[in-house]
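1. Following is a predicted model, sequence given first.
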Amino acid sequence: MKISSKSIKKKAEELGFQKVGIARAEKTPKEKSDLDSWLMQGNHATMDWITKRKDERGNIHTYFPEARSVIAVGMNYYTGNEQDDLRSDYKFSNYAWGDDYHIVMKKRLFQLLNWITENNSKVKGLVCVDTSPVMDKVWAQRAGIGWLGKHTNLISRDHGSWLFLGELILDLKLEYDRPFEEDLCGTCMACIESCPTQALGEYKIDARKCISYLTIEHKGDLPEGNSDLHGWIYGCDICQDVCPWNEKFAIKTDVDEFKPRKEIVEFKKVDWDNLSEEDFKKFFKGSAVKRTKHIGLKRNIGQNSEEL
């Protein structure tokens, strides 16, 4: 069987990816310059892992010299549930209600790569999901999946911004999709105006003020002046919740792995307040919540417990 863009997209959709596009693997000088500027301003806070591999992020051929094509994929994770559906007053980011998306998406992307190499053993490829030094949103836009919103998340016409992104980079030339050139945010400023910590500017985010960063990536005590988490104990969805594209076009996911775990939905405040490390490991096995560790989640709970 001859491998083509059409056959790859068909297979990717069969594997459960709702969005698939293909971009030419080429230099991204503007995006590299934007990244360098963002880092120079300290907007990455303590996420030094971004700076350590910034050259690879800015030039895909530094990461994979043989790269010719980037297959960008999106997987819908909107559960259809809202924060009001939780029995606790604590808030929990939608993306972490189910299984770890890194695991879910990598499994499917490796299946796609294996299918390609079974049909063409000479093809080499790399699977990337978030943790690789690849600018996911840049390649999704170049592959025609959507545009970068003012809240810095990628937005698609038919799923809003409730999409996990990943890539399969190949050393194979394919037919390429047109980049998504439109900016459909227009004059809307809902995300920026709704951010309670003023972490957002237009198309720019300051992680030092972002509740998602503070509750997940930041280690140790919360910085003075940025300790109000507004009820969130893991992540934050405010800028996505208020986005008109999500309000109008969000579709409930059919990916079973992303369905809410019962603990997240059914836990009451007292359950969270008394969460032991043993139970944390049990409840969040195979979950993205492990990122913050028990000590980080308990810090977030304690910080909010005083306010609720």
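-> Great, that's in hand. These figures come from a predicted structure and were not determined experimentally.

2. CA-only coordinates of the longest helix along the chain, as CSV, when you get a sec.
-> Longest helix of the chain, by residue count under DSSP state H: helix 101-119. Extracted C-alpha coordinates of helix 101-119, given in CSV (Å, rounded to 0.1, in the frame of the first residue of the first chain):
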residue,chain,number,x,y,z
TYR,A,101,-3.4,12.6,27.7
HIS,A,102,0.3,12.1,27.1
ILE,A,103,-0.2,8.3,27.5
VAL,A,104,-3.5,8.3,25.6
MET,A,105,-2.2,10.2,22.6
LYS,A,106,1.3,8.7,22.4
LYS,A,107,-0.3,5.2,22.2
ARG,A,108,-2.3,6.2,19.2
LEU,A,109,0.5,8.1,17.5
PHE,A,110,2.8,5.1,17.8
GLN,A,111,0.1,3.0,16.3
LEU,A,112,-0.1,5.4,13.4
LEU,A,113,3.7,5.4,13.0
ASN,A,114,3.8,1.5,13.2
TRP,A,115,1.1,1.4,10.5
ILE,A,116,3.1,3.7,8.3
THR,A,117,6.4,1.7,8.7
GLU,A,118,4.5,-1.6,8.1
ASN,A,119,3.7,-0.2,4.7
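
3. Can you give me the buried ones in it?
-> Residues of helix 101-119 classed as buried under the neighbour-count rule (16 or more other C-beta atoms under 10 Å) are 101, 104-106, 108-109, 111-113, 115-116. For every residue, glycine as well, the C-beta is placed using N, CA and C.

4. Could you single out the nearest of these to Ile211?
-> Relative to Ile211, the closest of the buried residues of helix 101-119 is Tyr101; by C-beta to C-beta it sits at 19.4 Å.

5. Going along the chain, name the strands of the stretch 201-308 of the chain.
-> 204-205, 232-234 (DSSP state E, counting those that start in this stretch).

6. Can you list the low-confidence ranges for this protein?
-> Applying pLDDT under 70 to the chain picks out residues 306-308.

7. still on that earlier bit, could you name the helices and strands sitting against the longest helix of the chain?
-> Applying 3 or more C-beta pairs under 8 Å, 6 or more residues apart in numbering; DSSP states H and E, we find helix 101-119 packed against helix 5-14, strand 69-76, strand 125-128, strand 163-170.

8. How about residues contacting that helix?
-> 1-3, 8, 11-12, 15-17, 71, 73, 75, 77, 95, 123, 125, 127-131, 164, 166-168, 170, 172, 255, 257-258, 286, 288 (C-beta atoms under 8 Å, 6 or more residues apart in numbering).

9. try 7 Å this time
-> Identification of contacts with helix 101-119 by C-beta atoms under 7 Å, 6 or more residues apart in numbering yields 1, 3, 8, 11-12, 15-17, 75, 77, 95, 123, 125, 127, 129-131, 164, 166, 168, 257, 286, 288.

10. Would you pull up how far it lies from the middle of the chain?
-> 18 Å (C-alpha atoms, centre = their mean, to the nearest Å).

11. That helix vs helix 5-14, what angle?
-> Helix 101-119 runs at 140 degrees relative to helix 5-14, counting by axes from the mean of the first three to the mean of the last three C-alpha atoms, to 10 degrees.

12. quick one, helix 101-119 and strand 69-76 angle?
-> 140 degrees.

13. still on that earlier bit, need the winner for burial among the strands of the stretch 201-308 of the chain.
-> Of all the strands of the stretch 201-308 of the chain, strand 232-234 has the most neighbours on average by mean count of other C-beta atoms under 10 Å, namely a mean of 25.

14. neighbours around Ala140, how many?
-> Other residues near Ala140 number 28, with proximity taken as other C-beta atoms under 10 Å.

15. And for Glu278?
-> Glu278: 9 surrounding residues under other C-beta under 10 Å.

16. cool, and Asn153?
-> Using other C-beta under 10 Å: Asn153 sits among 20 other residues.

17. Could you work out which of the helices and strands packed on helix 101-119 reaches nearest to Lys30?
-> When the helices and strands packed on helix 101-119 are compared by C-beta to C-beta, strand 69-76 sits nearest Lys30, at 16.5 Å.

18. Which residues does the residue nearest the centre of the chain form beta bridges with?
-> Centroid-nearest residue in the chain: Phe164, 5.0 Å away (criterion: C-alpha atoms, centre = their mean). Counting by DSSP bridges, Phe164 is bridged to Met75.
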